[in-house]
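S.K.: next input, structure requested:
(5 chains, ligands or ions: 4)
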Amino acid sequence: QDNNKFKIGLIIPMTGQQASTGRQIEAAARLYMAQNGDTVAGKKIELIVKDDVATPDVTKRLAQELVVNEKINVMAGFGVTPAALAAAPIATQSKTPLVVMAAATSSITEASPYVVRTSFTLPQASVAMADWAPKNGIKKVVTLVSDYGPGIDAERYFKDRLLFNGGQVVESLRVPLRSPDFAPFLQKVRDIKPDALFVFVPSGAGAAVMKQFLERGMDKAGIKLIGTGDLTDDDQLNDMGDGALGVVTSHHYSAFHPSPMNKKFVEAFEKANKGMRPNFMAVGGYDGMRVIYEALRATKGQGGGEALLAAMKGQIFESPRGPMFIDAQTRDVVHNMYLRKVERKNGQLYNVEFDVIKDMKDPGKSK
Amino acid sequence: MTKQVHDALRNTSRWKLWEPVFWLVVLASPFVLSSHALIINEIAIVALFAISLDLVLGYSGIVSLGHAAFFGMGAYVAALFAKLVMPDPLVGLLVAIVVSALLGAICSLTVLRGSDLTRLMVTLGVALILLELANKLDWLTGGADGLQGVVMGPLLGKFEFDLTGQVAACYSILVALVLFVLARRLTNSPFGATLMAIRDNRLRAMAIGIPVSSRVAVVYTIAAALAGAAGALLAQTTGFASLDVFAFDRSADIMLILVIGGTGWLYGGIAGAIVFKLMQDVISSITPQYWTFWIGLFLVILMLVGREKLMRPWTWFKRSGA
Amino acid sequence: MAELLKVEALSAGYGEAVVLNNISLSLDEGKTLALLGRNGTGKTTLINTLAGATRQHAGSITLGGTLLHKLPSHERAGVGIGWVPQERNIFKSLTVDENLTAVARAGAWTPARVYEMFPRLAERKTNLGTQLSGGEQQMLAVGRALVLNPKLLLLDEPLEGLAPIIVEELLKAIRRITRDEGLSAIIVEQHPQAILAISDSAVVLDRGTVVHAGTAQELREQPALVDRLLGVSR
Amino acid sequence: MLTILFDGIAYGMLLFILAVGLAVTMGLMNFINLAHGAFAMVGGYITVLLMQRLGVPFLVCLPLAFLGSALLGGVLERTLYRPMYRKPHLDQVLFSIGLTFMAVASADYFIGSTQQIMQLPEWLKGRTEIGDGAWMLGMGHYRLFIIAVCAALTIALQYVLAKTRFGSMLRASVDDQRVAAGLGINVNVVFLSTFAVGSGLAGLGGALGAEVLGLDPTFPLKFMIYFLIVVAVGGTSSITGPLLAALLLGIADVAGKYYIPKMGAFIVYCLMIAILIWRPQGLFVRKGGK
Amino acid sequence: MTDSVETVLLAEGLVMRFGGITATNNVTLNLKKGARHALIGPNGAGKTTLINLLTGVLQPTEGRITLLGQDITNVAPNQRVKRGMVRTFQINQLFDSLTPLQTLALTVSQQNGLGTSWWKALGSNSHVVERCEQLLEQFHLTEVMNQQTKVLAYGKRRLLEIAIALACEPRVLLLDEPVAGVPAGEREELLQTVAALPADVSILLIEHDMDLVFSFANRMTVLVNGTVLTEGDPEQIANDPQVKAVYLGHGEEVSHG
Ligand SMILES: Nc1ncnc2c1ncn2[C@@H]1O[C@H](COP(=O)(O)OP(=O)(O)OP(=O)(O)O)[C@@H](O)[C@H]1O
Ligand SMILES: Nc1ncnc2c1ncn2[C@@H]1O[C@H](COP(=O)(O)OP(=O)(O)OP(=O)(O)O)[C@@H](O)[C@H]1O
Ligand SMILES: [Mg+2]
Ligand SMILES: [Mg+2]
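M.R.: Numbers count the residues shown, from 1 in each chain, chains lettered A, B, ... in the order given. Ligands and ions are numbered 1, 2, ... in the order given. Alright, predicted model coming up:
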């Protein structure tokens, strides 16, 4: 109705188990708007935030309502894979671009031609680790992942790549998503005595795994702890204490990424949010907003969903994470994968990058 | 005199004037409030689910914290049926009802004995086991990513499920209405009366010759069928099914909804569904982060003050009896 | 003899409904009062009001100089009220022994003495309250009031459901306790003759008011008057 | 082998500490208090915040967590819970869920939604290993500590409830408030103190459990199922019942996950259903049946 | 009463143990067709337990129960009702949230095999309505028929308790202290209603009010400590010194009026 508005429906989990994902994304999106103004190509940008509690049928209804009633131009957010998958058909049906800012299962971009992703994919992170590990004396690995989509993705891609690189996954453990105690699984790992334990658990549970890993004296038994960046989530890293020192992970973003742009981003983010440190969810939200803004700018505020989508594809830009671009074919993010080690810098714990695999595409798409 | 007795007995089962009016309003709502058809659809589904729970909880006194087991079963069966066999919604609905009823019949064995707490936990356990099963059978159910790729055919071969959700809402309301009428007859029949007898006093119910276990099993099966229908409606109108149809939260929410509206009264579930869903929708769009606080506050006040009293504001300032 | 209980202009009821109206009565130490009346005339309500379990609307109750009506229910036991509720209300998740010890107060009556009086209970010491027979529950209810070591026993239909021989013994026991130990008692009963035999005075209630008050002696001698007061037609 | 047994016991004890307060309010007071987890969360936050922000030693935090949540429990009992005692169980469920929702949202508002992580003192961090091979026993010090606290607690509680008059008075008040008061039991005080102790125990459980289970605002909802399982399987009429149930479940869960990791999530639920169908009143009921 | 009269209910060698307590010990009871049989005995003698065994609320540790010639020891409680054995409870067991009318209507419906009918409304069957009306009148419950049972006065609740049993059209009726709590004046009337049941209905009565027992029964069994002390007609029992010693006492109670 209102021709001068450009509406973005941000559907994220704001309550429940995944709440912190939603918080980071919302904060980042608002930060982007504060930094870049809320008028682009003559249109006033309006952000409509909806809480879907990470429940897919709610996500779908909210998406549908936003499309039908609010006539949104873009939908964005999506904390978990099923939620993104549930909303995908709505995007197709209504020809609305859907920007995934968090969910990381590889297949999401294939669910609809209108999906664009600015977060990352788990295969990217796990393959990066599987490339690095054998070169650094880690041949025999046990994987431990949460028993759900992203976890299984991580397990599969890590295993295949490691095998390809001459390593070996001797045992694959899947823990229930809500397991409060990792003791039995870790004990099993200890009894197997691999070179390293590769972990993927949703951020939050990572701290528990790390703690119990140390408590069990596994580091002293010569087992290394490696994983994707969720394990040493920037948001919580500081609270994990010195036990986290030296843990090696692979990910696309670290709050310590040494670029002027990132410094500025982290500073502004912490200032706007009572000292909360941005994590990879935040950067996904921030870049997502960037992609939307630029698409709007490129279409001069005139085009519909198709035009916006076309303008999103192929965007190349510098993100706080480093250089990234949206692959025009897969609509998925292509960016650097960093290998990082937890270190103490300026009195705080950070993931310090020490190696990089440049411009990695989603390995899930090459098959 | 005989007439008095007769009338007194039939009084509860007679349709009151407001009932058809209510249903007409409900049926008209997707058209009048067309921009809210989606939430209307969801309310209709939840109301049907609540009615199902009311049959076991309100009328038969069997507490269940795992009613999502049947809801989820209905949802997955309907979605899989559409995906693998044929996309017709009505046939899918029937199949889902039958399968959920079967599951209900089997599960009824677990609720025959024990205290409220035991039943609470056993039903909860069954739902969680189904959840895990659906997760593990990912080749069939799509596991944690949810079951994708469900394409629903048009209703009666004519009405496509559209983006605005009007067709979906009408479909759900009509199904809910039909099942409501069945439930209403059931609860007003001698069969229904024996259920209430079992709820009030099992010992005595047995002592007047009511086969308690078989009655409970039957009503549990019927309720499972209704819950399955609700689940099927959800799957069909959204076009997918995901693990959380079995989740604990869903079972707990439906219990909240039913108790908010009042148990042992079929309209209670409907009222609860309307109040709870609307409140959730409105408050969570105002404060997406903290809406649970206000819902919680509402529940606390509702329970402290009492449902009857809250609905009659003019009694608030009168001194209450002992 | 010193006056123990004095009730003046008492009225009480449930919520808005007034059940007792302007009741006055008094009882001396060591005496027994028979409280008679038809079903639903308010006998139980009067007993419960004395015990503090029913809301009192007006009037005063004095027990041995203490203003009883000012005290909350749970403090009345300390001042000397021992209550046997009409429906027995045995604590069902406690054993027989715990039913007694949970409420016992120091004094002449100990659980051991109750077991002496009702040997049946001694045999069932470790049973739960609900596992007792009807009559056993009645015995326990009486014993539970005694271990409070009260000055005034309130017995609401204590004979209901007891075997004739126990009834006989219990009545004797009450007589003995009041006479030898200076306890007073108010007894409600459906069988007037049974308790008039052991009572000193009697009060008849009808629709919440006192319609007759006098000695037990005079009612014992005039069965016809009792029948008339209680509205029994034969 | 032995290590798994040890871990199972420790995990069971932890479940027990978290659930025992609920066993007290639910089993003894017959009040379905689903807000139990919220009190546990309060205890957890008291500990974490005191340690993080004020540097209070862990051992001092534990009693403070107990007292803090007991105080909160006492205040809420006086103001909100008391009128709910006489209401039907379903109303209690709704009421306490409502409280839980409020607690979750408030914690989120005041403290934030991220997981709080606790740093244990050094002496609780290590691990002692005895023996070799299949019979090796590795004991985490913190787990050892949990077992010790829990054992002491059980003995104390069992003593209070079974051997003292207070236990009988409490159960009498629950059975029939009106008559209990009429027989000289100060029902309000009995309930108030029991509820406060129950909440305090929850708080203590939260303080001890935060380390292993993690602590965020969804804590009360996340672990509600576990509390309920322990209490349901153990029966609500004693303290030893939930204890044994918690141990059984803890050991079964840990051993199950170790030996058949694929069945991970099923084991506890299947075990619970099997037990409850076999013994509908819970595994350990008070002598004499219903 | 001669042996030629048909036995309807036969309990043989019933034993019931609760842990260490033997509540009934080798009890044998023979209830004849049309009997007005009283079961008396001291408190805790096992009378209620015996009824619970007969009706299937409890399963006997040992022994056999035969109803109308068929072994029912392992038959479910509701099946026993179907075969004609009905009881009342010492402590009221009512459907608190239903009205007396609904209670009776559902009982009568169940009795007439309509318990599983789920399409027709309760009370659409005219026979049920008539029978309800009859029972309401007989038990003075007409005025309160539409009130919730839980708010009724105790006396009315007691009447309803017995009315329910009669609504089951018993052939064998077991009454456990049916007049407890009913005022002296109304007891006789109540018992007369029961006594006026058809002559071929057999009744077993438990009661401590000896006036009533002796005016009602034509046969009596005395139970003591779980075992049958003696059985006989009222005359014999009243004069049995053993019964006097353990149960009746010195007779003051028997004679007062
Ligand atoms: N809880 C209650 N709420 C409302 N009214 C009540 C309540 N209890 C009793 N009444 C009413 O108060 C009146 C007196 O009852 P009460 O129980 O005192 O009589 P009673 O003389 O003890 O009778 P009975 O001989 O049956 O024991 C009755 O009319 C009864 O209906
Ligand atoms: N569930 C049980 N567990 C243990 N003992 C029980 C149980 N039920 C009954 N008893 C005991 O069995 C005995 C017989 O009880 P019953 O109720 O049959 O007595 P009764 O003859 O009906 O007595 P009354 O005349 O007092 O009602 C009693 O001593 C009682 O304590
Ligand atoms: Mg009375
Ligand atoms: Mg008895």
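S.K.: the residue of chain A found nearest ligand 3: how many residues sit nearby?
M.R.: Sorted by distance to ligand 3 under C-beta to the ion, the residues of chain A start with A:Thr15, at 54.5 Å. In this view, the C-beta of every residue, glycine as well, is placed from N, C-alpha and C. By the criterion of other C-beta atoms under 10 Å in any protein chain shown, A:Thr15 has 25 neighbours.
S.K.: tell me how far it lies from D:Ala105.
M.R.: 8 Å (C-beta to C-beta, to the nearest Å).
S.K.: common neighbours of these two, please.
M.R.: Common neighbours of A:Thr15 and D:Ala105 (criterion: C-beta atoms under 8 Å, 6 or more residues apart in numbering or on different chains): B:289, B:291-292.
S.K.: next step: those residues restricted to helices.
M.R.: B:291-292 (DSSP state H).
S.K.: okay, stretch A:129-136 in PDB with CA atoms only?
M.R.: Written as PDB, here are the backbone C-alpha positions of stretch A:129-136 (Å, rounded to 0.1, in the frame of the first residue of the first chain):
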ATOM      1  CA  MET A 129      39.200 -28.500   9.500                       C
ATOM      2  CA  ALA A 130      39.500 -31.800   7.700                       C
ATOM      3  CA  ASP A 131      42.100 -30.200   5.400                       C
ATOM      4  CA  TRP A 132      44.100 -28.700   8.200                       C
ATOM      5  CA  ALA A 133      44.100 -31.500  10.700                       C
ATOM      6  CA  PRO A 134      46.100 -34.200   8.800                       C
ATOM      7  CA  LYS A 135      48.800 -31.700   7.900                       C
ATOM      8  CA  ASN A 136      49.300 -31.100  11.600                       C
END
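S.K.: buried set for it?
M.R.: The neighbour-count check on stretch A:129-136 (16 or more other C-beta atoms under 10 Å in any protein chain shown) flags A:129-134 as buried.
S.K.: just checking the distance from it to the centre of its chain.
M.R.: Centroid separation between stretch A:129-136 and its chain, computed with C-alpha atoms, centre = their mean, to the nearest Å, is 21 Å.
S.K.: distance of the residue in chain A that ligand 1 sits nearest to relative to B:Trp291?
M.R.: Closest residue of chain A to ligand 1, C-beta to the nearest ligand atom: A:Thr15 (44.7 Å). Per C-beta to C-beta, A:Thr15 is found 7 Å from B:Trp291.
S.K.: so what's B:Arg204 closest to, chain neighbours aside?
M.R.: E:Gln93 (4.0 Å; C-beta to C-beta, 6 or more residues apart in numbering or on different chains).
S.K.: how close does the one you found sit to chain D?
M.R.: Relative to chain D, E:Gln93 is positioned 15 Å away (C-beta to the nearest C-beta, to the nearest Å).
S.K.: ok, that residue - contacts?
M.R.: E:Gln93 is in contact with B:201, B:203-204, B:207, E:161, counting by C-beta under 8 Å, 6+ apart.
S.K.: apply 6 Å and report the result again.
M.R.: Shown in contact with E:Gln93 (C-beta atoms under 6 Å, 6 or more residues apart in numbering or on different chains): B:201, B:203-204.
S.K.: now those: which count as buried?
M.R.: For these, a burial check counting by 16+ other C-beta under 10 Å picks out B:201, B:204.
S.K.: let's see which of the contacts of E:Gln93 end up in helices.
M.R.: Using DSSP H, those in helices are B:203-204.
S.K.: can you show me the strands along chain C?
M.R.: With DSSP state E as the criterion, chain C has strands at C:3-14, C:17-28, C:32-37, C:56-63, C:66-67, C:81-84, C:152-156, C:184-188, C:201-206, C:209-215.
S.K.: as a markdown table, the shared contacts of A:Thr15 and D:Ala105 with distance to D:Cys270 and pLDDT would be great.
M.R.: Below are those laid out as a markdown table (distance: C-beta to C-beta, whole Å; pLDDT from 0 to 100):
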| residue | distance to D:Cys270 | pLDDT |
| --- | --- | --- |
| B:Gln289 | 37 | 82 |
| B:Trp291 | 36 | 87 |
| B:Thr292 | 32 | 87 |
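S.K.: for the shared contacts of A:Thr15 and D:Ala105, pick the one with the most neighbours.
M.R.: Counting neighbours by other C-beta under 10 Å, B:Thr292 leads those with 28 neighbours.
S.K.: with adjacent residues omitted, what lies nearest to residue 158?
M.R.: This is for chain A. Leaving aside its chain neighbours, A:Phe158 sits nearest to A:Ser126 (3.9 Å; criterion: C-beta to C-beta, 6+ apart).
S.K.: wait, chain D was what I had in mind.
M.R.: Distances taken as C-beta to C-beta, 6+ apart put D:Ile239 closest to D:Gln158, at 5.0 Å, once the chain neighbours are dropped.
S.K.: what separates that neighbour from D:Lys163, distance-wise?
M.R.: Distance from D:Ile239 to D:Lys163, by C-beta to C-beta: 12 Å.
S.K.: same check on B:Tyr171?
M.R.: Relative to D:Lys163, B:Tyr171 is positioned 64 Å away (C-beta to C-beta).
S.K.: then C:Ala51?
M.R.: For C:Ala51 relative to D:Lys163 (C-beta to C-beta), the value is 30 Å.
S.K.: ok, those two, which is more surrounded?
M.R.: Neighbours per residue (other C-beta under 10 Å) separate C:Ala51 from D:Lys163, with C:Ala51 holding more: 25 against 9.
S.K.: might one say that the more buried one is in contact with D:Leu183?
M.R.: No: using C-beta atoms under 6 Å, C:Ala51 is not in contact with D:Leu183, being 8.6 Å away.
S.K.: what's the local residue count around residue 233?
M.R.: With no chain named, the answer covers chain A. Using other C-beta under 10 Å, A:Asp233 is surrounded by 26 other residues.
S.K.: I was thinking of chain D, sorry if that wasn't clear
M.R.: That count, for D:Val233 with other C-beta under 10 Å as the rule, works out to 26.
S.K.: which residues sit in contact with it?
M.R.: Contacts of D:Val233 by C-beta under 6 Å, 6+ apart are D:245, D:272, D:275, D:283.
S.K.: let's see that with 7 Å instead.
M.R.: Counting by C-beta atoms under 7 Å, 6 or more residues apart in numbering or on different chains, D:Val233 touches D:245, D:249, D:272, D:275-276, D:282-283.
S.K.: of the residues you listed, which are in range of chain A?
M.R.: Counting by C-beta under 7 Å from any C-beta of the partner chain, the subset of the contacts of D:Val233 that neighbours chain A is empty.
S.K.: tell me the spacing between the residue in chain C positioned nearest to ligand 3 and C:Ala106.
M.R.: When you check chain C against ligand 3 by C-beta to the ion, the closest residue turns out to be C:Thr44, at 3.1 Å. Using C-beta to C-beta, C:Thr44 is found at 30 Å from C:Ala106.
S.K.: quick one: which of those two has more around it?
M.R.: Set C:Thr44 next to C:Ala106 and count neighbours by other C-beta under 10 Å: C:Thr44 wins out with 21 against 8.
S.K.: contact partners for the residue lying closest to that one once chain neighbours are set aside?
M.R.: Leaving aside its chain neighbours, C:Thr44 sits nearest to C:Gln86 (5.1 Å; criterion: C-beta to C-beta, 6+ apart). C:Gln86 sits next to C:44, C:156-157 when contact means C-beta under 7 Å, 6+ apart.
S.K.: go on, B:Ser34?
M.R.: Residues in contact with B:Ser34 (C-beta under 7 Å, 6+ apart) are B:164, B:166.
S.K.: residue in chain C nearest to ligand 4?
M.R.: For chain C, C-beta to the ion, closest residue to ligand 4: C:Gly134, 4.3 Å.
S.K.: count the residues that sit near D:Ala255.
M.R.: Neighbours around D:Ala255, by other C-beta under 10 Å: 17.
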